[in-house]
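Student: please find the sequence and the predicted model below.
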Amino acid sequence: MMSILINPIDRTIRDVWYDKNKEVSRLKWIQDTLDVSSIDGIRLNDNDQYMYVDDEGMLSNMNYFFKYFNKDFYVEPVLIAGKGLVVGTDENGDDIEPEITIGELRPRIEFLGRKAYH
């Protein structure tokens, strides 16, 4: 299954793949891909598109940040600490490949670099 990885460290947005036949669970793969121990999700739009993020990203003194913009869904840009993994969801809430493309996502992302949040 394809997902989209947003990496503020090297300022890239790219496809990544999860093979359901791997010995690693989907949760473990997401944690490893984001390089985190705890995840949270944010809704990107009304079309069941979500982004997994580091649940503890804002707790670090220094981190790499990016903003997600969607004026149709959020009044203000969403500030995200660490990497983001974009997925779609089906009617049962299970992850599926996202409908949003990298081309559609790129203008909605602003990389901010490494900063102190506190």
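Tutor: Alright, I've got the coordinates.

Student: which parts of this structure are helices?
Tutor: Along the chain, counting by DSSP state H, helices occupy 26-34, 102-105.

Student: how near is L5 to D35?
Tutor: 11 Å (CB to CB, to the nearest Å). C-beta: built from backbone N, CA, C; applies to glycine.

Student: ok, back up a step: in TSV, list the helices of the chain along with mean neighbour count, distance to P77 and mean pLDDT.
Tutor: Listed next are the helices of the chain as TSV, based on neighbours: other CB atoms under 10 Å; distance: least, CB to CB, whole Å; pLDDT from 0 to 100:
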stretch	mean neighbour count	distance to P77	mean pLDDT
helix 26-34	16	20	93
helix 102-105	14	14	95
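
Student: among those, which is nearest Q49?
Tutor: helix 102-105 (9.2 Å; CB to CB).

Student: for that closest one, list the C-alpha coordinates in CSV.
Tutor: Output of helix 102-105 as CSV, limited to C-alpha atoms (Å, rounded to 0.1, in the frame of the first residue of the first chain):
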residue,chain,number,x,y,z
ILE,A,102,2.0,14.6,-4.1
GLY,A,103,1.3,17.4,-6.7
GLU,A,104,-1.9,18.4,-4.8
LEU,A,105,-0.2,18.1,-1.4
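
Student: point to the residue nearest the middle of this protein.
Tutor: By CA atoms, centre = their mean, the mean C-alpha position of the chain lies nearest to G84, the distance being 2.2 Å.

Student: my read: that one touches Q49, true?
Tutor: No - assessed by CB atoms under 8 Å, G84 is found out of contact with Q49, at 11.6 Å.

Student: returning to what we had before: what touches both of L5 and D35?
Tutor: Residues touching both L5 and D35 by CB atoms under 8 Å, 6 or more residues apart in numbering: K83.

Student: give me the more crowded residue out of those two.
Tutor: Shown here are L5 and D35; by other CB atoms under 10 Å, L5 has more neighbours (17 against 11).
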